[in-house]
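>>> predicted structure and sequence below. I'll ask about it afterward.
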Amino acid sequence: MHGTIIALFFVAFMLFSVSDSAAQPIDVTLTVSDKPTGKISPILHGLFFEDINFAGDGGLYPQRIKNGSFEFQPDPTRGWRKLERGETSGQFSIRKDNPLNENNPTHARLVVDEVGGGFGIVNEGFRGIGITKGEKFDFSIYVRTPRQPAPNLTIELHDNDGKTVASAELNGFATEWKKYECVIESPIADSRARLALVINEPGSLDIDMALLHPQDTFNGRKNGLRKDLVQLLKEMKPGFLRFPGGCIVEGRTLENRYQWKHTIGDLSQRKLIVNRWNTEFAHKDAPDYFQSFGLGFLEYFLLCEDIGAKPVPILNCGMACQYNTSELVPLDELQPYIQDALDLIEFANGPVTSTWGKVRAEMGHPQPFNLEMIGIGNEQWGERYFERYERFFKVLREKHPEIKIISSSGPQADGKDFDYGWKRIREIGADLVDEHYYRPPQWFLGNVHRYDNYDRNGPKVFAGEYASHVGNRRNDWEAALSEAAFMTGLERNGDVVHMAAYAPLFAHIDAWQWAPNLIWFDNLRSYGTPSYYVQKIFSTNRGETILPVTANGPADQLFSCASLGEDGKTLILKLVSVQPRDRKVTVHLPDSFNPRPAGSQIVLSSKDLNAVNSIDEPKRLVPVEKPLNGVKNKFQLLLPASSVSVLRINLG
Ligand code: AHR
């Protein structure tokens, strides 16, 4: 009985003290040292791009017509439907006779017998076609006529209700394939417009490669990339861009692996293949998901230039995805794959007199792209990978010692295959090891010190794909907060973690397969998730020299890192408080520092761990910048509950 009373009293006391401390800020002292422990990689925070979730075709590559080449299999008419106005009769058929070229074997034929009100076909775009008022588009198409006289072809822009809002006419078609072009200007805004190709007189036309490119692209590049999406990337000041993936590097089968040489040159010569995310998830079936390669390797390199990121191409190593077919290239047939890697280095860096440097120059870029790194294999594991990787490594190291080589450590962040991978990589050699982790928030919080004791003498780490996955896989604040906590560990170990990227990057809200993602978009709008803003404030406030921080007091769920900026005069302190209550922090700076009283702070916080941004409410959770006053060698700060703070202190 006596024991029970004591126990009840103890429980009551605990309840009281917990609720009491919830009301009172908790005092922690963080002491920053002036003894550097290393340098943070200047390209620590970067980007991972893969054409998943319609991130490429239908997203970053803003060409609006889906299946304009009539190459989608098994249904080459996918994305198109017949348009029959009034008493019209005609046929829409798919043909393979005298194709445009061998990479583009299929085309469509329109035959009009009875004109009526017009006969043609309508393209649905990528879940609609996004148009804005006054926006101009370059339309192009290959046409020939099987018999003269050839009818004219009317290009119509339809709104979501099917009403024609703009049109243009092409004519004078010959009996041989030829490209025809016109400009269409949209008088309205609509995220679900359509494009129709209409014939208004008897006759017949063969058509192929119908393309509708917006003129207003990032940096005004012709056939360039979607402006708002690239802008979001550029604002992150990314150190690097990993491309083209991801699993699409591997392909479900070797035949459908990513082959960079098929993605360059004239758009009509780029050989379309199925996107492996087309059928990957039964509950997210996307039978209309293909890779046109309008966004190909030249465009990736140009994108890197445009956003100031170092290019990091990842190449197939002679293996198809190990989660799918696991097809393998026999070791004695690996040479063409290795040659692809050598040729890519020449394409990127070779003089214009070299075979592939000349190709680059002919595509309008005589200057080299300054490729410094190349990844061999995406998410491969096991000895079958390492025996292939080793062959690449030997040749690349010998012929291109200036290029850093990235090896895979598989899809897991720990365990048997991961340990075996690191062991084999140390034996064979690599400059960087690609680690992937898609784990729950608790894993990220528990792994903030993952790299504190990593070997500083071996290969460096490329955290090539990571994201915190909450149970419902939403991009909520809980996920972003745990990523921020983990990123303090990346920066504290920025001497051994050379590069890191959240994954995946983009998702179309009407056409995604995978969540969470960093940036979401529809046909006209886009927004950054809380994770995007975490990445952004870390990347745009990366320091150069690592300074240790020690905590005294109740510092649980408080994560921090400190660095000196490149100017040597700015102290950057990042503080992540995962506690659901405000807390008071005393910051203690070294006596050797002479802080100016006025600094700045960027704060990203929400008491609601389920908070998200959305297409209609894109700025619900965004960083707020404000002055930081009263800075001294010892000063106090109130950290809001569940917050990420970046302090910038001027050291005079
Ligand atoms: O980012 C999505 C997928 O996750 C990538 O394609 C793959 O590398 C990883 O399994």
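Structure's in. What do you need? Numbers count the residues shown, from 1 in each chain.
>>> near the ligand, which residues of this structure are found?
50, 52, 245-247, 378-379, 411, 465, 503-504, 514 (C-beta under 6 Å from any ligand atom). C-beta here means a position set from N, CA and C on the backbone, and glycine is covered the same way.
>>> number of residues surrounding the nearest residue to residue 510 once chain neighbours are set aside?
Excluding the flanking residues, the one nearest residue 510 by C-beta to C-beta, 6 or more residues apart in numbering is residue 127, at 4.1 Å. Residue 127 is flanked by 18 other residues according to other C-beta atoms under 10 Å.
>>> and residue 127, what pLDDT?
On the pLDDT scale, residue 127 is placed at 97.
>>> ditto for residue 25
As predicted, residue 25 sits at a pLDDT of 70.
>>> my guess is it contacts residue 584. True?
Yes: using C-beta atoms under 8 Å, residue 25 and residue 584 qualify as a contacting pair, with a distance of 3.8 Å.
>>> what is in contact with these two at once?
Contact criterion C-beta atoms under 8 Å, 6 or more residues apart in numbering; residues shared by residue 25 and residue 584: residue 638.
>>> what does the host helix or strand of residue 437 contact?
Applying DSSP states H and E as the criterion places residue 437 in strand 432-439. By C-beta under 8 Å, 6+ apart, the residues outside strand 432-439 that reach it are 373, 375, 379, 404-413, 418, 421-422, 425, 443, 447, 459-469, 498-499, 503.
>>> among those, which ones are in helices?
418, 421-422, 425, 443 (DSSP state H).
>>> any chance of those in CSV, plus pLDDT?
Shown next, in CSV, are those (pLDDT from 0 to 100):
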residue, pLDDT
418, 98
421, 98
422, 98
425, 98
443, 98
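>>> now which of those residues would you call buried?
Buried subset of the ones in helices among the contacts of strand 432-439 (neighbour count, 16 or more other C-beta atoms under 10 Å): 418, 421-422, 425, 443.
>>> and the longest strand seen in the chain, what does it pack onto?
For the chain, the strand reaching the highest residue count under DSSP state E is reported as strand 203-214. In terms of contacts (3 or more C-beta pairs under 8 Å, 6 or more residues apart in numbering; DSSP states H and E), strand 203-214 is packed against strand 107-114, strand 136-144, strand 190-199.
>>> which one of the ones you listed is the most hemmed in?
Sort the helices and strands packed on strand 203-214 by mean neighbour count, taking mean count of other C-beta atoms under 10 Å, and strand 190-199 sits at the top with a mean of 23.
>>> how far off centre is that strand?
29 Å (C-alpha atoms, centre = their mean, to the nearest Å).
>>> report the angle between that strand and strand 136-144.
Per axes from the mean of the first three to the mean of the last three C-alpha atoms, to 10 degrees, the angle that strand 190-199 makes with strand 136-144 is 30 degrees.
>>> angle of whatever helix or strand residue 93 lives in against strand 107-114?
Taking DSSP H and E as the criterion, residue 93 maps to strand 89-95. Per the same axes, to 10 degrees, the angle that strand 89-95 makes with strand 107-114 is 170 degrees.
>>> not counting residues beside it along the chain, what's closest to residue 299?
Using C-beta to C-beta, 6+ apart, the closest residue to residue 299 is residue 225 (6.9 Å).
>>> so the one you found sits against residue 305, correct?
No: counting by C-beta under 8 Å, residue 305 is not a contact partner of residue 225; they are 11.9 Å apart.
>>> these two: who's more crowded?
When residue 225 and residue 305 are compared on other C-beta under 10 Å, the one with more neighbours turns out to be residue 225, at 25 against 14.
>>> which residue, other than its chain neighbours, is closest to the residue in the stretch 251-400 of the chain that the ligand sits nearest to?
Closest residue of the stretch 251-400 of the chain to the ligand, C-beta to the nearest ligand atom: residue 379 (4.2 Å). Using C-beta to C-beta, 6+ apart and skipping residues adjacent in sequence, the residue nearest residue 379 is residue 411, 4.7 Å away.
>>> per-residue pLDDT, residue 279?
Per-residue confidence at residue 279 stands at 85 (pLDDT).
>>> identify the residues contacting it.
By C-beta under 8 Å, 6+ apart, the neighbours of residue 279 are 252, 285-287.
>>> tally up the residues packed near the closest residue in space to residue 124 that isn't next to it in sequence, please.
Nearest residue to residue 124, sequence neighbours excluded (C-beta to C-beta, 6+ apart): residue 79, at 5.6 Å. The tally of other residues near residue 79 (other C-beta under 10 Å) stands at 20.
>>> please apply the same query to residue 45.
26.
>>> next: the one 4 residues further on.
Residue 49 has 25 neighbouring residues, counting by other C-beta under 10 Å.
>>> equivalent analysis for residue 252, please.
Using other C-beta under 10 Å: residue 252 sits among 21 other residues.
>>> does it touch residue 326 like I think?
No: under the criterion of C-beta under 8 Å, residue 252 is not in contact with residue 326, lying 10.1 Å apart.
>>> which residues do those two both contact?
Listed as contacting both residue 252 and residue 326 by C-beta under 8 Å, 6+ apart are residue 320.
>>> so who does the residue nearest to residue 321 when sequence neighbours are not counted touch?
Leaving aside its chain neighbours, residue 321 sits nearest to residue 250 (4.2 Å; criterion: C-beta to C-beta, 6+ apart). Neighbouring residues of residue 250 by C-beta under 8 Å, 6+ apart: 257-258, 276, 316, 319-322, 377-380.
>>> redo those as JSON lines? Include pLDDT and secondary structure.
Listed next are these as JSON lines, based on pLDDT from 0 to 100; DSSP: H, G, I helix; E, B strand; the rest coil:
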{"residue": "257", "pLDDT": "98", "secondary structure": "coil"}
{"residue": "258", "pLDDT": "98", "secondary structure": "coil"}
{"residue": "276", "pLDDT": "95", "secondary structure": "helix"}
{"residue": "316", "pLDDT": "98", "secondary structure": "coil"}
{"residue": "319", "pLDDT": "98", "secondary structure": "strand"}
{"residue": "320", "pLDDT": "98", "secondary structure": "coil"}
{"residue": "321", "pLDDT": "97", "secondary structure": "coil"}
{"residue": "322", "pLDDT": "97", "secondary structure": "coil"}
{"residue": "377", "pLDDT": "98", "secondary structure": "coil"}
{"residue": "378", "pLDDT": "98", "secondary structure": "coil"}
{"residue": "379", "pLDDT": "97", "secondary structure": "coil"}
{"residue": "380", "pLDDT": "98", "secondary structure": "coil"}
